[in-house]
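[1] Got a predicted model here, sequence first, then my questions.
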Amino acid sequence: MQTALYPGTFDPMTHGHLDIMERALRLFDSLIVAVAVNPYKHPLFTVEERVEMIQEETESWERIRVEPFDGLLIEYAHNMGAQSIIRGLRAVSDFEYEFQMALTNRSLDSSIETVFLMPSEQYTYLNSTIVKEIAHLGGNVSQFVPKGVERRLREKLPQPEHE
Ligand code: COA
């Protein structure tokens, strides 16, 4: 039984994240999506909201569960019985940070392997900050996030008044 853990802040989850989850499920028997509390990033959504948004979108999927986590990723992965950590690699600009994180995690626990997956090219430029900025400015984010996330963004962010 090969279990992978896909960690991130998911503030909020986008179609790019869902794309990575689908790909991971093709390779592993089960997938745990681990939503980091990550106070350093000052997330817009609470960890409970971020977990809920992913659960709503994946409720009909089998072999996947979504959990909040705090603390050291590698310890959490070990405690959850995961053999691999999944990270999405979108562009060369991701590489340095991901390389550092993967090697640090390996030096902390060499039994857990980091596996990089590439999302579909239409999502390579996407990140959660851009989505929040577009939504905040009243733009249409329907091509980037599922409907439920779009609705929550509208509720959470004050919308600009258009004339
Ligand atoms: N599609 C769209 N966007 C994507 C994406 C994809 N497939 N993959 C990543 N992103 C975006 C995210 O939305 C995020 O955007 P943002 O910076 O605008 O919010 C950005 O790329 C990277 O974020 P994410 O994948 O959420 O990872 P992260 O860097 O926020 O989280 C953790 C990294 C949580 C895994 C890391 O901080 C961690 O391990 N924390 C625990 C503490 C620890 O163990 N530290 C030591 C690590 S060596």
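    Cool, the structure landed. Residues are numbered from 1 along each chain as shown.
[2] contacts and neighbour counts: CA atoms only from here.
    OK.
[3] near the ligand, which residues of this structure show up?
    Contact residues, the chain versus the ligand (CA under 6 Å from any ligand atom): 7-11, 14, 16-17, 20, 36, 71-74, 88, 101, 104-105, 119, 123, 126-129.
[4] Sitting in helices, which of these do you find?
    Counting by DSSP state H, the part of those found in helices is 16-17, 20, 73-74, 101, 104-105, 128-129.
[5] Looking at these, which is nearest Ile64?
    Ile20 (12.5 Å; CA to CA).
[6] Tell me the confidence at the closest residue to that closest one other than its chain neighbours?
    Leaving aside its sequence neighbours, Ile20 sits nearest to Pro119 (CA to CA, 6 or more residues apart in numbering; 5.7 Å). If you check Pro119, the pLDDT there is 94.
[7] just the buried members of the ones in helices among the residues of the chain next to the ligand?
    By neighbour count, with 16 or more other CA atoms under 10 Å, those hold 16-17, 20, 73-74, 105, 128 as buried.
[8] With pLDDT and distance to Phe45 added, can I get those in a markdown table?
    Listed next are these as a markdown table, based on pLDDT from 0 to 100; distance: CA to CA, whole Å:
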| residue | pLDDT | distance to Phe45 |
| --- | --- | --- |
| Gly16 | 96 | 18 |
| His17 | 97 | 16 |
| Ile20 | 97 | 21 |
| Leu73 | 97 | 20 |
| Ile74 | 98 | 24 |
| Asn105 | 98 | 27 |
| Ser128 | 95 | 11 |
